[in-house]
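# Mind folding the following:
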Amino acid sequence: MLAMDQKIESIKLFSICLSEALLKKYGKVPSATFLANQFNLRAYGTTTITRESARKWLNGLAIPEMSRLKVLIQWLEINPSDFLGEPRNENPSNQNGQAHEDGQFYENLTKLLRDLSPIDRKAIFITAWSLRELRSVNHDNLNYQKILFKRNLLKNI
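Okay, here's the model as predicted:
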């Protein structure tokens, strides 16, 4: 029962984050039809959505699958940690509270990763590894073949 409550909370947090991102980008929360149309224009590497799917996302009734979530994160610059962790607290937390929030975030992230298909899970790990590697490269000694390999790897995910 607790896991179900956490999943529902994650879906609601996603809805809030989506609405805030749309508000930031367009100055208002648009209709489900507008969201579906704009999403479908950007839906490279995934299937398009219906107005009904967009309505469910906006109303906190569903969360998109990983391929669609990637499109939303890139398009609207949504921070996934905003809806993968615990609900936002208006009061600043102390260090013990922060440690608890971090532990809860990683626990929620682990649960979400377990629910993914092996292919999606592998894609996430390869992407994270590639991004970490690219950030650690000394820009004076760039190995362009290595970078091109990683870029092609990311494109094919």
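
# Wait, I63 touches W57, no?
Yes - assessed by Cβ atoms under 8 Å, I63 is found in contact with W57 at 7.2 Å. Where you see a C-beta, it was placed from the backbone N, CA and C, and this is true even at glycine.

# between those two, what contacts are shared?
Common contacts of I63 and W57 (Cβ atoms under 8 Å, 6 or more residues apart in numbering): F14.

# So for those two, which sits in the more crowded spot?
For I63 versus W57, neighbours defined as other Cβ atoms under 10 Å are more numerous around W57 (25 against 20).

# if you skip the residues just before and after it, what's nearest to that one?
Nearest residue to W57, sequence neighbours excluded (Cβ to Cβ, 6 or more residues apart in numbering): L18, at 5.8 Å.

# Now stretch 4-15: buried residues?
Neighbour counts using 16 or more other Cβ atoms under 10 Å place Q6, E9, S10, I11, K12, L13, F14, S15 of stretch 4-15 among the buried residues.

# which pair in these spans the largest distance?
Largest separation among the buried residues of stretch 4-15 by Cβ to Cβ: Q6 and S15, giving 15.1 Å.

# thinking again about what came up before, mind telling me what element the residue nearest to W57 is part of?
For L18, the host element (DSSP states H and E) is helix 2-26.

# Helix 2-26 and the very next helix or strand once past that helix, what's the angle between them?
Following helix 2-26 in sequence order, the next helix or strand is helix 32-41 (DSSP H and E). In terms of direction (axes from the mean of the first three to the mean of the last three Cα atoms, to 10 degrees), helix 32-41 departs from helix 2-26 by 90 degrees.
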